[in-house]
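> this is a predicted model, with the sequence first.
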Amino acid sequence: VVLFYREIALFLISVSEELNFSTRIFQKILEGGFLDSSGRDAITEHTLELIRQHPMFGVGMLNERVYIANSSNSFVDVEGFYPHNVFLELLVQFGIPLGTILIISLLALFGVQPLLMRNVEKKRVFMLFLFIGFLPLFVSGSYLNSVNFYLLLGFSLNREKFSFRTRERIIYDKQDSEEL
C-alpha cells in the first residue's frame with residue numbers, strides 16, 4: 001500500500017471529483033504535505049485561548065471566526081477561521097458548561113444508537129452517516145454548515161420512523177397477509 005500511495009491517491013482524486021467530493025486531502029498526500037498543519041496549529045491555539053478567556057458563556061456562534069481572524073491579522077475572509085474540531089468549536093461558542101453538555105449529549109446519542117438498533121440495514125446507514133457526518137468534523141469542516149451532520153442528527157433522533165424494508169421483506173409481508 002505504501003509503495004502505491006501515489007496511484008491510490010490519484011484514483012481517490014478521480015473518484016472524489018466524479019462524486020463532487022473535496023479532493024484536498026488527497027492532494028495533500030500527493031504533495032507530501034498531509035501531516036502539515038497549514039496554520040491549524042495557530043487556529044487551535046487561538047481557540048484554546050478564547051476558551052480560557054470566555055469559559056462560562058463562550059464567544060457565541062460564528063463569533064470565534066472573527067476573533068481568530070483578527071488574531072491572525074486576516075480581516076478579509078473569516079471563512080476558514082474555525083477550530084476544525086467540533087468539540088473545540090462547541091466549547092468556544094457556548095462556553096465550557098453548555099459546550100460540555102452538548103458534547104456529552106452528542107456522544108451519548110451517537111454512541112448508543114448502534115447498540116439500540118436491531119435492524120442491520122439501519123445500523124449500516126447509521127454507521128455511514130457517522131463516518132461522513134460526524135467524524136470528519138474532527139479534522140475539517142464545521143457542524144454549522146455540514147449537511148451530513150444534520151442528516152446524522154435527524155436519523156439518530158427519528159430512527160424509529162425510518163423504514164428499511166428489503167424487497168424480500170415486502171414480498172414476505174404480502175405472503176403473510178394473503179395467508180390471513
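Okay, I see it. Remember, it's a predicted structure, so these values are computed and weren't measured experimentally.
> how long is stretch 133-151 end to end?
Taking Cα to Cα, to the nearest Å, stretch 133-151 runs 7 Å from one end to the other.
> helices along the chain, start to end?
5-18, 24-31, 40-53, 63-71, 86-116, 120-133, 147-157, 167-179 (DSSP state H).
> and among these, the most buried is which?
Mean neighbour count (mean count of other Cβ atoms under 10 Å) peaks for helix 63-71 among these, with a mean of 19. (C-beta placed from N, C-alpha, C; glycine too.)
> middle-most residue in the protein, spatially?
The centre of the chain sits closest to residue 134, judged by Cα atoms, centre = their mean, with a distance of 2.9 Å.
> against residue 147, how distant is residue 124?
Separation of residue 124 from residue 147 (Cβ to Cβ, to the nearest Å): 20 Å.
> give me phi/psi at residue 83?
phi -60, psi -20 (degrees, to the nearest 10).
> if you could redo that for residue 82, that was the one I meant.
Backbone dihedrals for residue 82, given as degrees, to the nearest 10, come out at phi -130, psi 160.
> grab the nearest non-local neighbour of it.
residue 142 (5.0 Å; Cβ to Cβ, 6 or more residues apart in numbering).
> quick one: average pLDDT of stretch 115-125?
The average pLDDT within stretch 115-125 is 79.
> shaky segments in this protein?
1-5, 25-26, 29, 32-39, 72-80, 159-180 (pLDDT under 70).
> residues contacting the residue nearest to the centre of the chain?
Contact analysis of residue 134 by Cβ atoms under 8 Å, 6 or more residues apart in numbering lists 86, 106, 110, 149, 152.
> now render the residues you listed as JSON lines, adding distance to residue 59.
Shown next, in JSON lines, are those (distance: Cβ to Cβ, whole Å):
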{"residue": "86", "distance to residue 59": "16"}
{"residue": "106", "distance to residue 59": "20"}
{"residue": "110", "distance to residue 59": "25"}
{"residue": "149", "distance to residue 59": "21"}
{"residue": "152", "distance to residue 59": "26"}
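> for residue 49, state which of those residues is nearest.
residue 86 (18.7 Å; Cβ to Cβ).
> and the closest one, what does it touch?
Contacts of residue 86 were listed using Cβ under 8 Å, 6+ apart, and they are 106, 134, 137, 138, 142, 143.
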